[in-house]
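Student: need coordinates for the following:
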Amino acid sequence: MKIPLAYPKIPDNSNCPLGKCFAFAKEDGTNLHFNWSLSDHWHKFGTRRTEFFFNKYGVEEFNKEHPGLENAIDYFNYNVRDSLTSYLTKHHCDYDGVVTIFCEFFGPNSFAGQHSKEDAKNGNQKLVIIDVSVNDKLLSPQQLIEDFNQFGGIDIAKVIYKGKYDGQFTNDIRNGKYPVNEGVVCKGIVDGKVYMCKIKTNAYLKRLKTEFKDNWKDYWE
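Tutor: Okay, the predicted model is just below:
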């Protein structure tokens, strides 16, 4: 089923108001979300623009509509679901309402949202948590790290920098001085709300232009 964007569109850094920030590695994959509540448990899931009931029929519909992402749901069910359920149930007072776990699904050879059949065949794909919201309000980057970085079961996106957001840091990301492939998502608090912006590497941009030529902007999200 089509839905409004489940995860916000992240702007580039041209008008970024951040002072201090956390920079998370931006994995080159597909954005997925999984909804949980204490009363309904895992009840819905999907991509940024589609959503399905989290049952046998919903999974079948998802796999039919999104070929190439079948391993994402298997990975969640077999490697993530039980540990996250246990954690959220134990801390349900802190997570009262609908909790949405936003993940990135990717493999070592994923590129521009496209996934390798060889990665799928060899079981080399995985999910990482990129954000968590409670009743549609994103956790601060600090809380995301404190609550989900050490509980086990699934990794969060790698934190590669914590500190002042400035032009030097931006240039360093673009010029490949940090161990990231696509780039980073910088997060901080502005006017009491989570603000995000993205910075991508020059090498990633060059590869996009090489592989997609005139259509490269279609993949520059």
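
Student: residues near Lys2, how many?
Tutor: The number of residues packed near Lys2 is 7, by other Cβ atoms under 10 Å. All C-beta spots, glycine's among them, are computed from the backbone N, C-alpha and C.

Student: quick one: classify the spatially closest residue to Lys158 that is not a sequence neighbour as helix, strand or coil.
Tutor: Residue nearest to Lys158 in three dimensions, not counting chain neighbours: Ala25, with 4.3 Å by Cβ to Cβ, 6 or more residues apart in numbering. Under the three-state scheme (DSSP: H, G, I helix; E, B strand; the rest coil), Ala25 adopts strand.

Student: helices of this protein, residue ranges please.
Tutor: Taking DSSP state H, the helices of the chain run over residues 56-65, 70-75, 81-90, 117-122, 141-148, 167-174, 202-212.

Student: return the member of those helices having the minimum mean pLDDT.
Tutor: Of all the helices of the chain, mean pLDDT reaches its minimum on helix 202-212 (a mean of 89).

Student: pull out the buried residues from that helix.
Tutor: 204, 207-208 (16 or more other Cβ atoms under 10 Å).

Student: can you list the residues you listed in CSV and add distance to Glu70?
Tutor: Shown next, in CSV, are the buried residues of helix 202-212 (distance: Cβ to Cβ, whole Å):
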residue, distance to Glu70
Tyr204, 26
Arg207, 26
Leu208, 26
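
Student: what about the closest residue to Thr170 other than its chain neighbours, how many neighbours?
Tutor: Using Cβ to Cβ, 6+ apart and skipping residues adjacent in sequence, the residue nearest Thr170 is Ile199, 5.6 Å away. When counting by other Cβ under 10 Å, one arrives at 23 neighbours for Ile199.

Student: that's all I had, so thanks and see you.
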